[in-house]
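**Q** any chance you could fold what I've pasted below:
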Amino acid sequence: MTETAAPPPRRPWVAPLVWGALVLLLIVAGWLLLGACGLRWPGGGPILLFCPDEAAAAAEGDVLARERARERALEDRLERLRLALLGGPACRPGDGVRGPPGERAPRTRPPAPPGPPEIDRFLDGLAAEVASRLEPVR
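**A** Numbering: from 1, shown residues only. This next block holds a predicted model:
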């Protein structure tokens, strides 16, 4: 009296469900991987066509061409300005900053730096002045 195990119940709906999921997955993957703008039969007839019309594609190309031409024009202008800057008159050290046209900044010479003995005397006098001002505060 050996008992045999009962066979598992049959599920006839599993196989069509798995095949349907596989087909749906392939359709979605094909749609996502579709890089061109349509599908055509080998003879050239369209199956699925979502390409932009040629006028819209040409307009996009025109915009790009205009921007590239504008970039070249700006680069040329920049180069001309650089060359004009290099070819301009050289500035002399005493010119200073220029104001409005027709008005020149006055030329002033900075005072000559003091020599070493004069610096020592100046610093000694400064130290004595500071010390005399600090004594009344204490």
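
**Q** how much space separates F50 from G38?
**A** 6 Å (Cβ to Cβ, to the nearest Å). (C-beta placed from N, C-alpha, C; glycine too.)

**Q** same thing with L86?
**A** In terms of Cβ to Cβ, L86 sits 55 Å off from G38.

**Q** tell me which of these two has more neighbours.
**A** In this view L86 and G38 are compared by other Cβ atoms under 10 Å, and G38 has more residues nearby, 11 against 7.

**Q** all strands of the chain, in order?
**A** Using DSSP state E, the strands found in the chain span residues 38-40, 46-49.

**Q** what about the helices in the chain?
**A** In the chain, the segments counted as helices under DSSP state H are 14-33, 54-87, 116-134.

**Q** thinking again about what came up before, list residues touching both of F50 and G38?
**A** Jointly contacting F50 and G38 under the rule Cβ atoms under 8 Å, 6 or more residues apart in numbering is no residue at all.

**Q** shaky segments in the chain?
**A** 1-2, 32-36, 39-44, 52, 54-57, 88-107, 112-115, 135-138 (pLDDT under 70).

**Q** one more pass at 50, please.
**A** For the chain, no stretch is flagged by pLDDT under 50.

**Q** so which of the helices of the chain comes closest to T4?
**A** T4 lies closest to helix 14-33 among those, at 24.2 Å (Cβ to Cβ).
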